[in-house]
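K.L.:
this is a predicted model, with the sequence first.
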Amino acid sequence: MKNLKKVLAVVLSMLFAAAIFAGCTAKENNETNTNNNTEHNLKKVAILQYMPHSSLDNCTQGIKNALDEAGIEYDVQVGSSGSADTDCQSYAQQMVASNYDLIIAVATPAAMSAYSAVQNASSDTPVVFSAVSDPVAAGLVETMEAPGKNCTGTADAIDIAGQIELIKTLQPEIKTLGVFYTTSEANSISQLKTLQAECAKAGIELKSQGIAEASELASAAAALVPQVDAITNLTDNNVVDNMNVFLEQADAAKIPVYGSEIEQVKKGCLASASIDYVALGERTGQIAVDILGGKDAVSYPAVTVTDSFLVINPDTASKLGIDIPESLADVQQVKAGE
């Protein structure tokens, strides 16, 4: 019995000593991190991406490039394709509660979630948005030149006039053009109005098919594809994320689909007057760096990034029986899997 008591006493002493050592080590690590943060004045940013698809992935990569160059730490959360709206609302609330120095939101729904979470919490956390086609219509800024709110960023201006010109170059006889859009997505509504105006100028009849959610896309495609000579994409997140649904139907009917950026062309679209989403993200990241450095988001002008370039998928052109004209001979060409 005495031996048992001695053994227990030794074990308890060892456990007590280990606990003290662990506590001291943890305390030292915390102090080191705090001292480093204070010494280097490090900031930490939360990046909220609406959902995983190539356009937004490239945009987020551009943001990371800018933050990495500035030595700024960041965490990234991405909504799931099937529940992006709910995910973004939840992630945004968590980000505000976690007291990040700044939140960067990629795509209109993510930006609206982030700004709403900040407002509801009466937080002074600045929000910087990216890939938002119409920040004014989305209620994120009062004007592009003078945001008037603790929220600013970059708009992705799809070159719709350039897209129509590209389509007419590849399909000179085109008469009808189709487009899918999400009825609740502010950027899609804004782009649709511009597309309608450009089609009217070009003498092309536009047939638009609205959807409330991605599950409606297959039936919408079945209705639209037989009515048009081609389909063009906007920067609609639901549509782009589920592009394969209507791309398959269009391919079967030999109807060309034109993407809004290069990754869609790599996936089988014929061509695009493509937005450079990496460049868009890098510009967004630089705005975030400026604000973390002391600039005021309330008065920092939002920027419309217009960087774009033409790109064609020659394999898709061949499959559709479309000849690439000499005027497009020097345009960048991509293939599936690149």
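P.N.:
Structure's in. What do you need?

K.L.:
C-alpha only now, for contacts and for neighbours.
P.N.:
Noted.

K.L.:
so where is the stretch 101-250 of the chain shaky, pLDDT-wise?
P.N.:
Across the stretch 101-250 of the chain, nothing is flagged by pLDDT under 70.

K.L.:
at 90 what do you get?
P.N.:
133, 137, 157-158, 184-188, 190, 213-214, 237-238, 241 (pLDDT under 90).

K.L.:
where along it do the helices fall?
P.N.:
108-120, 160-170, 186-202, 217-224, 237-241, 243-252 (DSSP state H, counting those that start in this stretch).

K.L.:
make TSV out of those and add distance to residue 280.
P.N.:
Putting those into TSV (distance: least, C-alpha to C-alpha, whole Å) gives the following:
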stretch	distance to residue 280
helix 108-120	14
helix 160-170	17
helix 186-202	16
helix 217-224	28
helix 237-241	16
helix 243-252	22
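
K.L.:
so who does the spatially most central residue of the chain touch?
P.N.:
The centroid of the chain falls nearest to residue 56 when counting by C-alpha atoms, centre = their mean (3.0 Å). For residue 56, the contact set (C-alpha atoms under 8 Å, 6 or more residues apart in numbering) comprises 49-50, 106-107, 131, 277.

K.L.:
just the buried residues out of the residues you listed, in ChimeraX syntax.
P.N.:
Below is the selection syntax for ChimeraX that covers the buried ones among those, with 16 or more other C-alpha atoms under 10 Å defining burial:
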select :49,50,106,107,131,277
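
K.L.:
which one of the contacts of residue 56 is nearest to residue 172?
P.N.:
Nearest to residue 172 among those is residue 277, at 28.9 Å by C-alpha to C-alpha.

K.L.:
what about that closest one, distance to residue 58?
P.N.:
Plainly put, residue 277 is 6 Å away from residue 58 if you go by C-alpha to C-alpha, to the nearest Å.

K.L.:
now do residue 243
P.N.:
For residue 243, the distance to residue 58 equals 17 Å [C-alpha to C-alpha].

K.L.:
who's more crowded, those two?
P.N.:
residue 243 (22 against 19; other C-alpha atoms under 10 Å).

K.L.:
contacting residues around that one?
P.N.:
Per C-alpha under 8 Å, 6+ apart, neighbours of residue 243: none.

K.L.:
got the contact list for stretch 181-195?
P.N.:
108-109, 132-134, 137-138, 160-161, 208-213, 234-236, 238-239.

K.L.:
of those residues, grab the buried ones for PyMOL.
P.N.:
Burial among the contacts of stretch 181-195 is assessed by 16+ other C-alpha under 10 Å; the matching PyMOL selection reads:
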select buried, resi 108+109+132+133+134+138+160+161+208+209+210+211+234+235+236+238+239
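
K.L.:
filter the contacts of stretch 181-195 down to the ones in strands?
P.N.:
Among those, the members falling in strands (DSSP state E) are 208-211.

K.L.:
what's the closest of the residues you listed to residue 168?
P.N.:
Nearest to residue 168 among the ones in strands among the contacts of stretch 181-195 is residue 208, at 18.4 Å by C-alpha to C-alpha.

K.L.:
burial count for the residue nearest to the closest one when sequence neighbours are not counted?
P.N.:
Distances taken as C-alpha to C-alpha, 6 or more residues apart in numbering place residue 179 nearest to residue 208, at 4.9 Å, with adjacent residues excluded. If you count neighbours by other C-alpha under 10 Å, residue 179 ends up with 23.

K.L.:
appreciated, that's everything.
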